[in-house]
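Participant: Quick check, what structure comes out for this input:
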Amino acid sequence: IPGPTVAVCQGDQVSVNVVNELASESSTIHWHGLPMKNTQSSDGGPGVTQCPIEPGQAFSWYNFNADTPGTYWYHSHNEFQRDDGMYGPVIIRDTVAEVSKVSKALGKTLSNACDKTDHTIVIQEWYYNTAEHRFYNDKEETPTSLLVNGKGRYHSDFHTTVQPWQKFTVHPEKCSSYRFRFISSVDLHCPIQVSI
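Facilitator: Okay, here's the model as predicted:
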């Protein structure tokens, strides 16, 4: 958690092959926030834009143009899979021509910033029980941890888990500003405050 980052440049043709290795559940992948102009069959809506990918099967028809630069994410659109961690980042980097369209100040900031793929931060709550269990048995269950790129901390009277937080390294002598990308995969509990 999260899944691998899909990082491309504006104007690239994206083609993703998904193999469902789940033992007994079907799945699809939805490309959250991306306009699927003329590629609606790649939108990942099970029973709407595609048939679900059955266990052991592959789907190689996720093909779309990376037309809109920005920070996005993909996630399963089947049942409870997204809430249990089936998601990942999608980064579409700006072209020089695209940066020239924004305000002068923002364009200068974007042009001078180091934009590293490993400076993507995905936040999600983590629960003791699965999303399916919570849905049917305890919709009021609160998160046990907040995950940052899949790592979090949990403490109870019976068990403590401490995962080292991810470090985001910067080198001011090489680059005076960095672009960090935030993705919230938070389900139900807000607000979340982040500071660097």
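Participant: all strands of this protein, in order?
Facilitator: Using DSSP state E, the strands found in the chain span residues 6-9, 13-19, 29-32, 58-65, 70-76, 87-93, 120-126, 145-148, 153-155, 160-162, 181-184.
Participant: Pull out the buried positions in the lowest-mean-pLDDT helix or strand in the chain.
Facilitator: Using mean pLDDT, DSSP states H and E, strand 160-162 stands out as the lowest-scoring helix or strand of the chain, at a mean of 72. Within strand 160-162, no residue is scored as buried using 16 or more other Cβ atoms under 10 Å. Heads up, the C-betas are built off the backbone N, CA and C, glycines and all.
Participant: From the rest of the structure, what touches that strand?
Facilitator: Strand 160-162 is contacted from outside by Ser145, Gly152, Arg153, Tyr154, His155, using Cβ atoms under 8 Å, 6 or more residues apart in numbering.
Participant: what's the most distant pair in the residues you listed?
Facilitator: Gly152 and His155 (10.7 Å; Cβ to Cβ).
Participant: Please identify which of the two sits among more neighbours.
Facilitator: Legend: neighbour count by other Cβ atoms under 10 Å for Gly152 and His155, higher for Gly152 (20 against 11).
Participant: correct me, but the more buried one touches Gln163?
Facilitator: Yes: using Cβ atoms under 8 Å, Gly152 is in contact with Gln163, at 6.2 Å.
Participant: circling back: export the strands of the chain to a markdown table and append columns for distance to Phe168.
Facilitator: Listed next are the strands of the chain as a markdown table, based on distance: least, Cβ to Cβ, whole Å:
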| stretch | distance to Phe168 |
| --- | --- |
| strand 6-9 | 16 |
| strand 13-19 | 26 |
| strand 29-32 | 23 |
| strand 58-65 | 29 |
| strand 70-76 | 15 |
| strand 87-93 | 14 |
| strand 120-126 | 8 |
| strand 145-148 | 10 |
| strand 153-155 | 18 |
| strand 160-162 | 19 |
| strand 181-184 | 11 |
